[in-house]
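**Student:** coordinates only, sequence not included:
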């Protein structure tokens, strides 16, 4: 997913600034909420992930890509180590890693 999105950005098929789109952040938040509601992510872990994501979103929407990347990396690290459910963890990581890669291109 990341490689295809990067290629589309480079080819000009996706308009910049893609990373300013709040849908990226709401997609991640929706996944966290969905899996927490289903009991697949601990509520305390979900709250921690949402806090980090909110910080990333504030920076990302303001065009502070480096700061957003730092917070997204923290969200990804916490998700990787604190979500024991493979499917929930991978779903949250997939979108978080994709957005982090796009921010690196910005």
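**Tutor:** In hand now; what should we look at? Predicted model only: the values in this text are computed from it and were never measured. Numbering: from 1, shown residues only.

**Student:** does residue 63 count as helix, strand or coil?
**Tutor:** Classification of residue 63 using DSSP: H, G, I helix; E, B strand; the rest coil returns coil.

**Student:** skip the chain neighbours and tell me the closest residue to it.
**Tutor:** In space, and not counting its chain neighbours, residue 63 is closest to residue 20: 6.8 Å by C-beta to C-beta, 6 or more residues apart in numbering. Where C-beta positions appear, they are placed from N, C-alpha and C, glycine not excepted.

**Student:** distance of that neighbour from residue 65?
**Tutor:** Using C-beta to C-beta, to the nearest Å, residue 20 is found at 9 Å from residue 65.

**Student:** when those two are compared, which one has more neighbours?
**Tutor:** Shown here are residue 20 and residue 65; by other C-beta atoms under 10 Å, residue 65 has more neighbours (18 against 14).

**Student:** my read: the more buried one touches residue 71, true?
**Tutor:** No. Look at residue 65 against residue 71 with C-beta atoms under 8 Å: they stay out of range, at 11.0 Å.

**Student:** list residues touching both of the two?
**Tutor:** Common neighbours of residue 65 and residue 71, using C-beta atoms under 8 Å, 6 or more residues apart in numbering, are residue 59.

**Student:** center of the chain, which residue is that?
**Tutor:** Geometric centre of the chain, nearest residue: residue 96, 2.6 Å, by C-alpha atoms, centre = their mean.

**Student:** out of everything not next to it in sequence, what's closest to it?
**Tutor:** Excluding the flanking residues, the one nearest residue 96 by C-beta to C-beta, 6+ apart is residue 76, at 4.7 Å.

**Student:** how many other residues sit next to the one you found?
**Tutor:** A count of neighbours around residue 76, defined by other C-beta under 10 Å, yields 20.

**Student:** how about residue 77?
**Tutor:** Residues contacting residue 77 under the criterion other C-beta under 10 Å number 13.
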